[in-house]
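Peer 1: Predicted model and sequence follow; I will ask about them next.
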Amino acid sequence: MIVEACSHYIQRIFRRKPNEFLLRLREQSALVLCGTQALIQYMQEPTKKNAARVRIYEKKADDVRRTLINELNHSFVTPIDREDLFALSRYIDDILDYAYTTIYEVDVLNIKPNDYLQQMVEILHTSATEIHLAMEQLEEKPRAADQHALRARALGNRMEALYTRALGDLFNTPSDLNEVVEMLKLREIYRHLLHAMQSTERAANGISDVVMKFY
């Protein structure tokens with residue numbers, strides 16, 4: 001189901017011919033959308049197979065970013081400042097990087113996903129959806145893209161509130177050394193997801209900056 005949905009997202013990118021740099025950014029954001037959806041599935045069922053799916057999307061997104069950087073290095077003229085394109089690509093890429101490191105640490109630390117983790121990845125995926133919708137609209141409907149970026153930033157407040165509640169519960173519950181160790185492990189996982197969310201906020205800010213400067 002995830003594979004079919006993600007194929008649909010990526011196929012939509014190629015229905016028309018935007019400028020090559022925005023095409024790469026849209027391809028990146030589509031892969032991030034697919035990767036965060038796979039992250040949700042992993043938190044529901046933390047198997048090696050589901051972890052590998054997130055890793056696949058992360059590697060594909062890295063490949064797209066390398067292509068974009070290569071194209072930037074060989075282009076004399078870009079429709080948007082190359083610094084803005086480079087930064088936006090990095091912010092989008094960071095989302096999926098943090099998603100994968102989250103899975104890696106859940107596995108290494110032998111953490112069983114709890115309700116907080118599942119809620120966090122749902123918010124992250126919703127924010128990634130807004131980033132992708134913004135990238136789809138950026139060239140033809142920049143004001144609509146800015147609205148999607150605004151919604152992505154607003155979701156950051158929800159994530160921070162949830163992160164604070166999750167930490168509060170952690171520090172209230174430990175009663176012995178084993179529970180303290182578990183608390184420290186979960187805190188690291190929560191931080192990874194918070195950093196992933198902060199990357200969506202940076203991507204949203206980058207989109208808004210592009211809209212203000214060039215549209």
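Peer 2: Structure's in. What do you need?
Peer 1: from here on, contacts and neighbour counts on C-alpha atoms
Peer 2: Will do.
Peer 1: pretty sure Lys60 contacts Leu31?
Peer 2: Yes. Applying CA atoms under 8 Å, one finds Lys60 in contact with Leu31, separated by 7.4 Å.
Peer 1: Between these two, which is the more surrounded one?
Peer 2: Between Lys60 and Leu31, counted using other CA atoms under 10 Å, the more crowded position is Leu31 (30 against 15).
Peer 1: Check whether Glu27 really touches Val64, as I assumed.
Peer 2: Yes. Using CA under 8 Å, Glu27 makes contact with Val64 at a distance of 7.3 Å.
Peer 1: Spell out the residue ranges of the helices in this protein.
Peer 2: With helices called from DSSP state H, the chain shows them at 2-13, 20-44, 48-73, 82-108, 115-137, 142-172, 177-214.
Peer 1: Include mean pLDDT when you put those into a markdown table, please.
Peer 2: Written out in a markdown table, the entries for those read as follows (pLDDT from 0 to 100):
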| stretch | mean pLDDT |
| --- | --- |
| helix 2-13 | 60 |
| helix 20-44 | 96 |
| helix 48-73 | 95 |
| helix 82-108 | 94 |
| helix 115-137 | 97 |
| helix 142-172 | 95 |
| helix 177-214 | 92 |
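Peer 1: quick one, which of those helices is packed in tightest?
Peer 2: helix 20-44 (a mean of 24; mean count of other CA atoms under 10 Å).
Peer 1: Grab the nearest non-local neighbour of the residue nearest the centre of the chain.
Peer 2: By CA atoms, centre = their mean, the mean C-alpha position of the chain lies nearest to Ile95, the distance being 3.2 Å. Take Ile95 and drop its neighbours on the chain: the residue closest to it by CA to CA, 6 or more residues apart in numbering is Ala196, 4.7 Å away.
Peer 1: what does Leu155 give?
Peer 2: With CA to CA, 6+ apart, the residue lying closest to Leu155 is Ser127, at 6.3 Å.
Peer 1: how many neighbours does Ile111 have?
Peer 2: Here the neighbour count serves as a burial measure; for Ile111 (other CA under 10 Å) it reads 15.
Peer 1: Pull up the gap between Ile100 and Ala61, please.
Peer 2: Actually, residue 100 is Tyr. It isn't Ile. Per CA to CA, to the nearest Å, Tyr100 is found 12 Å from Ala61.
Peer 1: same deal with His195?
Peer 2: To Ala61, His195 is 18 Å away according to CA to CA.
Peer 1: Lovely, talk soon.
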